[in-house]
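Participant: let's see this in three dimensions:
(chains A, B, C, D, E, F, G and H, ligands or ions: 12)
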Protein chains: 8
Amino acid sequence: GYAKIDHHRGIRQGVPEVIYGQGKTPEQILGIVKAMSDRGAENILITRMSGDAAEFVQESIALDYHPIPKIGIVGRCKEVTAQGKIVVATGGTSDLAVAEEAALTAEVLGNEVERLYDVGVAGLHRLLANLDVLMQAKVVIAVAGMEGALASVVGGLVDCPVIAVPTSIGYGASFGGVSALLSMLNSCASGVSVVNIDNGFGAGYLASMINHIGGAV
Amino acid sequence: GYAKIDHHRGIRQGVPEVIYGQGKTPEQILGIVKAMSDRGAENILITRMSGDAAEFVQESIALDYHPIPKIGIVGRCKEVTAQGKIVVATGGTSDLAVAEEAALTAEVLGNEVERLYDVGVAGLHRLLANLDVLMQAKVVIAVAGMEGALASVVGGLVDCPVIAVPTSIGYGASFGGVSALLSMLNSCASGVSVVNIDNGFGAGYLASMINHIGGAV
Amino acid sequence: GYAKIDHHRGIRQGVPEVIYGQGKTPEQILGIVKAMSDRGAENILITRMSGDAAEFVQESIALDYHPIPKIGIVGRCKEVTAQGKIVVATGGTSDLAVAEEAALTAEVLGNEVERLYDVGVAGLHRLLANLDVLMQAKVVIAVAGMEGALASVVGGLVDCPVIAVPTSIGYGASFGGVSALLSMLNSCASGVSVVNIDNGFGAGYLASMINHIGGAV
Amino acid sequence: GYAKIDHHRGIRQGVPEVIYGQGKTPEQILGIVKAMSDRGAENILITRMSGDAAEFVQESIALDYHPIPKIGIVGRCKEVTAQGKIVVATGGTSDLAVAEEAALTAEVLGNEVERLYDVGVAGLHRLLANLDVLMQAKVVIAVAGMEGALASVVGGLVDCPVIAVPTSIGYGASFGGVSALLSMLNSCASGVSVVNIDNGFGAGYLASMINHIGGAV
Amino acid sequence: GYAKIDHHRGIRQGVPEVIYGQGKTPEQILGIVKAMSDRGAENILITRMSGDAAEFVQESIALDYHPIPKIGIVGRCKEVTAQGKIVVATGGTSDLAVAEEAALTAEVLGNEVERLYDVGVAGLHRLLANLDVLMQAKVVIAVAGMEGALASVVGGLVDCPVIAVPTSIGYGASFGGVSALLSMLNSCASGVSVVNIDNGFGAGYLASMINHIGGAV
Amino acid sequence: GYAKIDHHRGIRQGVPEVIYGQGKTPEQILGIVKAMSDRGAENILITRMSGDAAEFVQESIALDYHPIPKIGIVGRCKEVTAQGKIVVATGGTSDLAVAEEAALTAEVLGNEVERLYDVGVAGLHRLLANLDVLMQAKVVIAVAGMEGALASVVGGLVDCPVIAVPTSIGYGASFGGVSALLSMLNSCASGVSVVNIDNGFGAGYLASMINHIGGAV
Amino acid sequence: GYAKIDHHRGIRQGVPEVIYGQGKTPEQILGIVKAMSDRGAENILITRMSGDAAEFVQESIALDYHPIPKIGIVGRCKEVTAQGKIVVATGGTSDLAVAEEAALTAEVLGNEVERLYDVGVAGLHRLLANLDVLMQAKVVIAVAGMEGALASVVGGLVDCPVIAVPTSIGYGASFGGVSALLSMLNSCASGVSVVNIDNGFGAGYLASMINHIGGAV
Amino acid sequence: GYAKIDHHRGIRQGVPEVIYGQGKTPEQILGIVKAMSDRGAENILITRMSGDAAEFVQESIALDYHPIPKIGIVGRCKEVTAQGKIVVATGGTSDLAVAEEAALTAEVLGNEVERLYDVGVAGLHRLLANLDVLMQAKVVIAVAGMEGALASVVGGLVDCPVIAVPTSIGYGASFGGVSALLSMLNSCASGVSVVNIDNGFGAGYLASMINHIGGAV
Ligand SMILES: Nc1ncnc2c1ncn2[C@@H]1O[C@H](COP(=O)(O)O)[C@@H](O)[C@H]1O
Ligand SMILES: Nc1ncnc2c1ncn2[C@@H]1O[C@H](COP(=O)(O)O)[C@@H](O)[C@H]1O
Ligand SMILES: Nc1ncnc2c1ncn2[C@@H]1O[C@H](COP(=O)(O)O)[C@@H](O)[C@H]1O
Ligand SMILES: Nc1ncnc2c1ncn2[C@@H]1O[C@H](COP(=O)(O)O)[C@@H](O)[C@H]1O
Ligand SMILES: [Mg+2]
Ligand SMILES: [Mg+2]
Ligand SMILES: [Mg+2]
Ligand SMILES: [Mg+2]
Ligand SMILES: [Mg+2]
Ligand SMILES: [Mg+2]
Ligand SMILES: [Mg+2]
Ligand SMILES: [Mg+2]
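Facilitator: Ligands and ions are numbered 1, 2, ... in the order given. Below you'll find the model as predicted:
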């Protein structure tokens, strides 16, 4: 077999199965999905899935595909299992793909998610006009490229954990996300931590973990 | 005045006041401490405080000083206000200063902390022998320099958030913590996020935030 | 002679003479000051001047020395020659030395300067409480280390040129000012440009140039 | 909506609307243009616009498209509203696209612009032969890739602000504009500041801001 | 001739001939293969060989082609000439191509190879379940991208040399293999050394050298 | 306890105990040495040990101290337990400290070591004059700073494993060993692998591992 | 006009005209060639010229095109005008394109050139077998990618200037030529200087300059 | 012996002996000097020699010591053996130490040297006022830190080889000489090549080599 499927994770972690689609052939993805289904998985999230792979899998199995964040979902149950709300904020419209990877991941994992897109700090009024939404969050995911200042500003406004996701959006001295990454790591606001550039999945997963602390609905 | 003291944070965030000592003179630190006390602060944490500054402040005010993590604490109340436990793990003994910055910060903020030091992945039995401690954590802080692999291994073992703190410990291609930082950002384990190199304070603060979710003792 | 003094700049640029003190011996600095005075300079600014050099020069000539920004001024005339106001804002108290290099340079060059220190974006209320000051500026100099977000936020609020000065303040992934520099270069706000890390002089000089456009007092 | 349009900027900043075309679909761009027109915008600048997007928009709305700098202009009014002149100089012919982004931006914003292309410092006579043009500028935009020396040389010749734009033109150790960027940040000439690599728009916008200081025509 | 073929290496090093296919045309590769055969080579390994080149060569000569690691083998003799076993372990399934370059190289050079794929440290049970295989190795080749922690963990478990191969697999802050490379260079486990990013060939070759120490079968 | 001593390694790996002295106080080092002796260790190697620490330990215990490579040895048994010879070669005399760390480590671990210092490739005759020594090696350790070319040249001459150790010797674009490190990783010679910058210990340890394959004396 | 043609260089420098083809359209190249011819140029070298551009120009003007180094030559006169010989050596066959750019440039400029390709240091006998050729050189151009050691070894063998050209050939930690560049800059051999990565033209031009010192044939 | 002295170089290269003093003890330097004298060396150059080492050596042997470039000269014969002139130009006064290392090296090797210091490009008139000196050079050494533009400007003015020496002078984004190094490597002027940061010796040596081509005085 080309991949060791972790038969215990579903049970141990109480979460849906996750497949990282990048670098896997459509056939491999379908094979893993089927193997997971065979042993009882009812809820499978596939990240970084190409449109071709989605079409190929959809010929055999019902799959809900989101082309912008390149996410496929098999058998998603809609139940919300955590009490709090996760807010996903972005600096610009170009950060949408990464933000949706985070938001959909969190939704599949049983969370209520509110989106606050295009509220970057170069136009502060857009963020301040949505302070009430931010303030109600149990966790905020701040997604931004370029100068990545969103995480610091949000972190200074809210009292809950802020998960910062640098994106590779930008040009020149943004260096594929490095500028935003460094900004976020150097954030002077307390409560901010950072995941890899473009890692919406990781942010959504961690946000869900935190949001589930303190009991189910 | 040289610094704008934030008179509302104590109330808004419900946490002790914090002073970042680096680059402040002993006189400046004492001045800020006094101003804070005057307006009612009972609990002040001073990070990156030199031994000289500590001695100077201790002449005027009772201060509990920890020389290795360079932390000073004024009027620390010992109460634990959160139910869960925070585990602070380190790869080596050299990571101690950063780990203690995290642990003391979390303790001052009202958390029970358990230390698991020198359990780096090059001697896996040391980590596996302490699996029970890890499994009881509500949050884990993983502190490591050099190759920084501890965060990934711990992240794969536990189901709670893991806050990774790269340290500047190492030589040659460790590049002052960059190697550990990159390792941690690239962690394949879900639930891992990262703070700045040597930022024990940030990790302790965020861990406390998460640990206080779900109600007090 | 060890240095070619530019005998025409005083006339050509209409500004006081400037000596870059770094790497020059006290004797060399005094020698250049005397040569400049001999040919009629009434107003000399010395940047990056050590305390020792200042003491040495003060034995021969009246010199106004500012130890934090390491600036020495000979024969400063107090006149303000431009109509507008330059605002110098900093993210934290540690950026003071660089900010004062900028502010004093601008003052020596005949500008009214207003200081707005410690208004970093992790505590946005400190900046917003001073919006009126910012709005009256003809140029803003935004000085910040760490994540350098101040320039973007200020740039989004004001309609005048913003000169961003990254500082080497910070630790870990701030990489001696690189993180702040990249943030500022990637600023999404229009009207922002950047000078070298810690180059308060350059920012003050350029701000004065812009502030003098449009006629004298 | 995918983008929060800033309804107040037209009024607050007194400038045409600007759309950053990179990463937006032709449909999105047209949608934003229409929304802006609906609320009264008469003058819209679209940067980083693909030829395809231009053709698509031109089917619905009159658009003046410049393929080399990839700029689209809707309803450009030709009036010059500032007294001074902006000179745009480039090191080589390959810097043309970035230079035109700057020049067209400045023209749309109501400035008289003079172009001085291919005057790089490796053939100094080309620059010196145009000294009179440089000397008449109220602001100079210096655009150069490779070693980026143009900004320093120009900065030493003129007494007005110089906005340096590093370009990604070059190969090998030019590292996509990093070499030129560093050169320009380290400029020994006073009055020089820097924008992001290839950011012609930012330079044109800032130059216009400065050129408008001191009153309209 | 476009290449100086080393007529003595076959004899001097006692190993099959090796051709590095990258950047050579199909015609050049065939030409070198023929020249080698003409002077007696019976066993030729071609690395980084495109599918097109393989098809072209197969028209003239029997060639065993492996498309994933892009390896072509002419006249491979199956004999195992060393006593010990080489274990090739990978962190994920995406590291397969590099791992197979190593494994096939080692097999062509007369070694018994055991594969242990997808045993990354974020799911430690997968590695621990295969401890017996690891313990029997005379050399281990540890292939991993992303955080590259596999080499350290394996190095801490076994007492034989570990050759670490960082791969360019990953995204964001993996920087094309740099993160894994740094991790491996900083390994705290003794007995670990590192080859270039994606250099499966180099690892297989060195492993064979070590495995042949101590006598043939 | 500040450090978890690994009570099984002596037995599991059949090698002397090793203490990494960097960042440990003299008291801590002595404490660890005593604890090791108490449980039966007869042979202890201390690397990166300061002169002060050595003097402090020597007051209590017999310790053989080498100031240039900063190595301390307790109870070294002189026996050679492996058949082959390890050659340690350096590019210049400045690489001596790192080379001796490697050589002494290998000797303590029971190997015969031959030193070939100052045979850098800019004076090829020095290396060629010693070809016979190189050819008799079972493993070569190539230690070099600056351009690090020694590893490639030696790797092309010998048929045994070459362990390359980049050193931080150099200035300017040697970047603390990075230039030599990259050279060595890119070596075109087969059989070359690399350890961390200045990691003489790691090279000596691995060389001993390889040299002990194939049976004792 | 899109380019300022330097009408005086032909006379001032006594060399053929040179056009840098990269980023110029076929039409632009032809236009420049014609303008040069019109004012009397008899000898024109075009570097980085695409095959398409060559075909386009050949329709109007006789052009000698070399596809591997992408060089076009108009009206090349074959005369050798310098007494000495330039040797161009490469590490591998993949460095051929850059080496030919250097060699052809030197030949067009009136030099006798001898090629010594694929003599990299990992097989030293190939270089030593050609010592006589090297020793007769008045200048050597050493072209190498990967570890770039060739320049140091050659520099140690000869007593004439060595111009080192790093190439972008390689993979992984060769970082597009950076590894070779750093090696060459750190060369311990005297008489070695370096040009930009892949800058065969620059090396050929400088070699010709040096070779012409001391009088014509 | 700690160093292999090259007994043939004096004869083979016809130049004085050179000792690289960095990292050698005063005793070692004296030892090498004596050994060289014993076998007939009459002319020894010691670079990077500390003041302490100079004093120590001067107790035994006559040594001419230059503290700024840290050069010691034993038995320097004043004869000029080459016809041409070498011009050493610097951007600022802070580049003096490196420039003198180059100039003294060239003088010891038998060249006439003319110094042109503090002629940086931010004040072009200083360079243009010395055009006649530049034009008479057979080789120019251009020494500059910060933006390093001097090499390009000089290279465009003269028709002889220009050896560029980046210096580590500067702050912030000069990164210890990297900015100047990159500028110089990317120079658009033909005839420019580069040596390591601060490598005045290397530049002086190469300049002498070139200047001696074409016969002695
Ligand atoms: N976008 C992503 N980035 C990083 N890790 C991911 C991503 N998506 C999924 N993963 C991780 O990849 C694992 C599955 O990998 P695989 O077994 O290769 O399909 C999941 O358990 C996640 O931990
Ligand atoms: N802090 C500074 N950073 C950069 N440049 C400076 C600074 N202070 C002064 N300068 C420049 O240095 C010039 C004087 O240099 P010098 O002739 O070496 O004293 C001034 O004209 C300024 O352009
Ligand atoms: N994947 C690889 N990476 C690095 N070096 C290789 C690789 N494959 C082969 N080689 C080396 O390339 C040499 C052959 O190069 P060539 O003469 O260009 O075919 C072999 O002897 C190996 O040392
Ligand atoms: N400042 C310098 N930078 C680089 N190389 C130098 C320098 N000074 C001397 N050298 C070289 O070092 C060699 C002498 O080195 P050593 O044998 O260690 O004294 C000389 O032949 C030069 O090639
Ligand atoms: Mg907060
Ligand atoms: Mg986990
Ligand atoms: Mg603004
Ligand atoms: Mg100027
Ligand atoms: Mg081991
Ligand atoms: Mg070999
Ligand atoms: Mg030589
Ligand atoms: Mg020239």
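Participant: right, is whatever helix or strand residue A:126 lives in up against ligand 7?
Facilitator: Using DSSP states H and E, residue A:126 sits within helix A:124-128. No: figure legend: helix A:124-128 not in contact with ligand 7 (Cβ under 5 Å from the ion); closest approach 10.8 Å. The way it works is simple: take the backbone N, C-alpha and C, and place the C-beta from them, glycine included.
Participant: mind listing what's buried along the helix or strand just after that helix?
Facilitator: Sequence order places helix A:131-135 as the next helix or strand after helix A:124-128, per DSSP H and E. Applying a neighbour-count criterion of 16 or more other Cβ atoms under 10 Å in any protein chain shown, one finds A:133, A:134 buried in helix A:131-135.
Participant: could you pull out the helices for chain A?
Facilitator: Here chain A has its helices, by DSSP state H, at A:9-13, A:26-38, A:51-58, A:96-108, A:124-128, A:131-135, A:150-157, A:178-185, A:200-211.
Participant: who are the neighbours in contact with residue A:195?
Facilitator: Going by Cβ atoms under 8 Å, 6 or more residues apart in numbering or on different chains, residue A:195 touches A:163, A:164, A:165, A:202, A:203, A:206, B:185, B:192, B:193, B:194.
Participant: again, 10 Å this time
Facilitator: Counting by Cβ atoms under 10 Å, 6 or more residues apart in numbering or on different chains, residue A:195 touches A:102, A:141, A:163-166, A:181, A:184, A:201-206, B:184-185, B:187, B:192-194, E:172-173.
Participant: pretty sure residue A:93 sits against residue D:29.
Facilitator: No: using Cβ atoms under 10 Å, residue A:93 is not in contact with residue D:29, being 11.3 Å away.
Participant: now for these two: what residues contact both?
Facilitator: Counting by Cβ under 10 Å, 6+ apart, the residues touching both residue A:93 and residue D:29 are residue D:20.
Participant: got any ranges where chain A has weak pLDDT?
Facilitator: Scanning chain A for pLDDT under 70 picks out A:1-15, A:216-217.
Participant: picking up where we left off before, so which of the contacts of residue A:195 also contact chain C?
Facilitator: Filtering the contacts of residue A:195 for proximity to chain C (criterion: Cβ under 10 Å from any Cβ of the partner chain) leaves A:181, A:184, B:194.
Participant: tell me the one among these nearest to chain E.
Facilitator: Ranked by distance to chain E (Cβ to the nearest Cβ), those are led by residue A:181 at 6.4 Å.
Participant: number of residues surrounding the closest one?
Facilitator: As a burial measure, residue A:181 scores 31 neighbours (other Cβ atoms under 10 Å in any protein chain shown).
Participant: picking up where we left off before, filter the contacts of residue A:195 down to the ones near ligand 1?
Facilitator: Residues of the contacts of residue A:195 in contact with ligand 1 (Cβ under 6 Å from any ligand atom): A:201, A:202.
Participant: what about the residue in chain A that ligand 8 sits nearest to, how many residues nearby?
Facilitator: Taking Cβ to the ion as the measure, chain A has residue A:173 as its residue closest to ligand 8, at 24.1 Å. By the criterion of other Cβ under 10 Å, residue A:173 has 27 neighbours.
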